[in-house]
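Undergrad: Okay, here's the prediction I keep looking at, along with the sequence it came from:
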Amino acid sequence: MTTEESADTPAIELDAVYDAIDAVGRPHLTATELSRKTDLTPEEAREALEALATDGEIQRQDVSGVESIWYPTDVAEVTDRERVILFPDRREVVVEHPDQFTRAQLSQFARLGDSNRSGGYVYELREADIWAAPHESLDDLLATMRDVLGERSTHLEEWVTSQWERARKFRLYTHEDGYVVLAAESDELMGNVARPKLDDDLLRAPISDSESWVDADATAEIKRTLYEAGYPVRDDRELATGEPLAMELRLRLRDYQADWVERFTEQGSGVFVGPPGSGKTVAAMGAMAAVGGETLILVPSRELATQWRDELVRHTTLTDEDIGEYHGGEKEIRPVTIATYRTAGMDRHRKLFDQRKWGLVVFDEVHHVPAPIYRRSADLQTKHRLGLTATPTRESDDEEEIFTLVGPPIGTDWGKLFDEGYVAEPEVEIRLVPWGTDDERTEYAATSGHDRRQAAAGNTGKIDEIRYTLAENPAAKALVFVEYLDDGEAISEAIDAPFISGETRHAERERLFEAFRRGEQDTLVVSRVGDEGIDLPDAELAIVASGLGGSRRQGAQRAGRTMRPAGDARMVVLATRGTTEEDFVRRQMRHLASKGIQVTERDAQAVETVEE
Ligand SMILES: Nc1ncnc2c1ncn2[C@@H]1O[C@H](COP(=O)(O)OP(=O)(O)OP(=O)(O)O)[C@@H](O)[C@H]1O
């Protein structure tokens, strides 16, 4: 073969790439790997792969900073097969076409970053993700990882093991004489980490080279300081059980709920993490019964306070007389008191925390806990603390607060909950809607910043799409979510359904929601303010016309509305095609997808899309 000839013919046949892939033992390879399995140099291998890619025979998957991954087009085309690619050195996992189970598994020990250029999902494993993995043992965690990654990396597993151990190097416990002790795994850790970092007034006196007597009122600060230094502290103190509370459940906890409660009582504090409708509220009642002490329940809204009361009366032996509500409407402190965060956060209502001897404080929707409550939570460290959340949004600034002031997560494999039918998987569909009129498009182009967002939100093309979607699902009880009042009013008028916003009086809201629950009202338009923390168990269809929410959590919550165990729930998210709204919605949905929810994307159905 002459040099000229070799320049023209591909350096390698596709078959040889398949052979090399087989030899590598994964469904993809890098140029370096190809060169090792053939007699090509790495450079020749890369050129050969590029030539095959130009011919469309193979595809590449790029991840910045490391070698590209290649796989045959056939595999990509015939199957929308899931591909999980691990980059152990970067502690990253790239997943293409992940199924629901894989996403649920990954979200337990990794956080979703951005997508890469080829559209794969990139998950990162950071220290705090391992510290906060809701597994009972390291073996359980490693088993989940091996299951989802399909391959083992000794290097990664060593790192995971070291992080797991790192989160177990310090613990607080109650000495038999009643004082609180900080114990380090070794003298070095106490001498080189804890003592230099913690002020003298926090560490009262050394007990030994690895243990110190600490200020019992400063445990929150101790936990936070060590967390920041990279050592999350186990909290094994004996906690107050408060005034006794006699209560029993009227229903049987499901196995996973019983397991959550058991882990909670062992730890004394923690956060139940489970998808909406998975029975966290009921499990929290199990925790109340297990602690057996008077309980303060903090919730984000008055509506939720009333719901909690109803559920407590329905599912436990508590009666209405045992339960007090404490918020803008009513102020009663009883053995079980349900307060809103807002009222509880006000200084003049401090008595809520001190008037009775609480044994347990429950933080519902724990990611909603406002700063004043967090400050107060530092004083609640001697009590049992239980958080509830459906959205362990790890990127949030609250991550550390939740971990140190409330407790570590307690969870179950989400995939299992879906599989066993405890939670219905919603279908989420993004629909890209063209502009209703040319004028709107022009206006969008001429504005910037917030006005621009508002223009995209208010696209009148969405009104047709809403009508179409409602007509598609005639029997479904539907909620239409909007971001701006003007849009809400326009939609409400166009589809002849009441509009509930932050301006709607409380009594009117309740009346409309009740009518909706009873099935007398089948469609409601709800603004972003109007839906905060409200539970609408019977919604079968949610149309998000705009403003999926300023935060990812809100997106997840709205999807949550349709994720009740009953019925075939569906969510349609509208976004104006070709605008920033489109990107925004996609990003939000990606987050949902990472929580194990099936998301699809299609063009608007009502309006013909014209090529622009
Ligand atoms: N052990 C159980 N036995 C029977 N029904 C249960 C049990 N646990 C939960 N449920 C029912 O399942 C539904 C959802 O439960 P729950 O309200 O506790 O979920 P959740 O996770 O708190 O939901 P959300 O996150 O939306 O607040 C409720 O109707 C509840 O009565």
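TA: Perfect, I can see it now. Numbering: from 1, shown residues only.
Undergrad: Can you name the residues bridging to the closest residue to V366 other than its chain neighbours?
TA: Closest residue in space to V366, ignoring its immediate chain neighbours: G387 at 3.3 Å, by CB to CB, 6 or more residues apart in numbering. Heads up, the C-betas are built off the backbone N, CA and C, glycines and all. For G387, the beta-bridge partners are V271, F363 (DSSP bridges).
Undergrad: For the stretch 351-500 of the chain, which residues are neighbours of the ligand?
TA: Counting by CB under 6 Å from any ligand atom, the residues of the stretch 351-500 of the chain lying close to the ligand are A390.
Undergrad: try the stretch 101-250 of the chain
TA: So the stretch 101-250 of the chain never meets the ligand (CB under 6 Å from any ligand atom).
Undergrad: need the helices for the stretch 101-250 of the chain, in chain order.
TA: 127-131, 138-149, 154-166, 187-188, 195-197, 219-228 (DSSP state H, counting those that start in this stretch).
Undergrad: chain center to the last one: distance?
TA: On the basis of CA atoms, centre = their mean, to the nearest Å, the separation between the geometric centre of helix 219-228 and that of its chain is 24 Å.
Undergrad: show me the contacts for E185.
TA: R168, K169, F170, S210 (CB atoms under 8 Å, 6 or more residues apart in numbering).
Undergrad: which stretches of the stretch 401-550 of the chain have low pLDDT?
TA: 412-419, 421, 423-427, 528-538, 548-550 (pLDDT under 70).
Undergrad: rerun at 80
TA: 411-428, 449, 472-476, 502, 528-540, 547-550 (pLDDT under 80).
Undergrad: That one: helices as residue ranges?
TA: Going by DSSP H, counting those that start in this stretch, the stretch 401-550 of the chain shows helices at 414-419, 438-446, 449-457, 461-472, 485-495, 506-518, 528-531.
Undergrad: In TSV: those, plus distance to A283 and mean neighbour count.
TA: Converted to TSV, these look like this (distance: least, CB to CB, whole Å; neighbours: other CB atoms under 10 Å):
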stretch	distance to A283	mean neighbour count
helix 414-419	12	18
helix 438-446	47	14
helix 449-457	38	17
helix 461-472	35	19
helix 485-495	36	18
helix 506-518	24	15
helix 528-531	24	20
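Undergrad: Now tabulate those helices in CSV and tack on distance to R356.
TA: Formatted as CSV, the helices of the stretch 401-550 of the chain follow (distance: least, CB to CB, whole Å):
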stretch, distance to R356
helix 414-419, 35
helix 438-446, 55
helix 449-457, 46
helix 461-472, 49
helix 485-495, 41
helix 506-518, 27
helix 528-531, 32
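Undergrad: where does V282 land in three-state SS?
TA: helix (DSSP: H, G, I helix; E, B strand; the rest coil).
Undergrad: now, among the contacts of E185, which is nearest to the ligand?
TA: Nearest to the ligand, judged by CB to the nearest ligand atom, of the contacts of E185 is R168 at 28.8 Å.
Undergrad: Run through the residues that contact that closest one.
TA: With CB under 8 Å, 6+ apart, R168 has these contacts: E185, R234.
Undergrad: State the distance from it to L189.
TA: Between R168 and L189 the distance is 11 Å, computed by CB to CB, to the nearest Å.
Undergrad: How about A290?
TA: For A290, the distance to L189 - CB to CB - is 33 Å.
Undergrad: likewise R356?
TA: Distance from R356 to L189, by CB to CB: 39 Å.
Undergrad: again, but for G242
TA: G242 is 34 Å from L189, by CB to CB.
Undergrad: Kindly report the same for V233.
TA: Distance from V233 to L189, by CB to CB: 11 Å.
Undergrad: of the two, who's got more company?
TA: V233 (24 against 17; other CB atoms under 10 Å).
Undergrad: so the more buried one touches I222, yeah?
TA: Yes: using CB atoms under 8 Å, V233 is in contact with I222, at 6.9 Å.
Undergrad: what sits in contact with each of those two?
TA: If you check V233 and I222 against CB under 8 Å, 6+ apart, the residues they both contact are L172, L182.
Undergrad: picking up where we left off before, export the helices of the stretch 101-250 of the chain as TSV, with columns for mean pLDDT and mean neighbour count.
TA: Below are the helices of the stretch 101-250 of the chain laid out as TSV (pLDDT from 0 to 100; neighbours: other CB atoms under 10 Å):
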stretch	mean pLDDT	mean neighbour count
helix 127-131	87	19
helix 138-149	88	17
helix 154-166	93	15
helix 187-188	94	12
helix 195-197	90	13
helix 219-228	89	20
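Undergrad: I'd assumed I85 was in a helix, is it?
TA: No: I85: not assigned to a helix; according to three-state DSSP it is strand.
Undergrad: And for it, the neighbour number?
TA: 21.
Undergrad: Can you tell me the closest non-neighbouring residue to it?
TA: V94 (4.6 Å).
Undergrad: Is the one you found within a helix or a strand, and which one?
TA: strand 92-96 (DSSP states H and E).
Undergrad: from the middle of its chain, how far away would that strand be?
TA: The chain centroid and the centroid of strand 92-96 are separated by 18 Å under CA atoms, centre = their mean.
Undergrad: Check which helices and strands that strand is in contact with.
TA: The contact analysis (3 or more CB pairs under 8 Å, 6 or more residues apart in numbering; DSSP states H and E) places strand 92-96 against strand 83-87, helix 100-106, strand 121-124.
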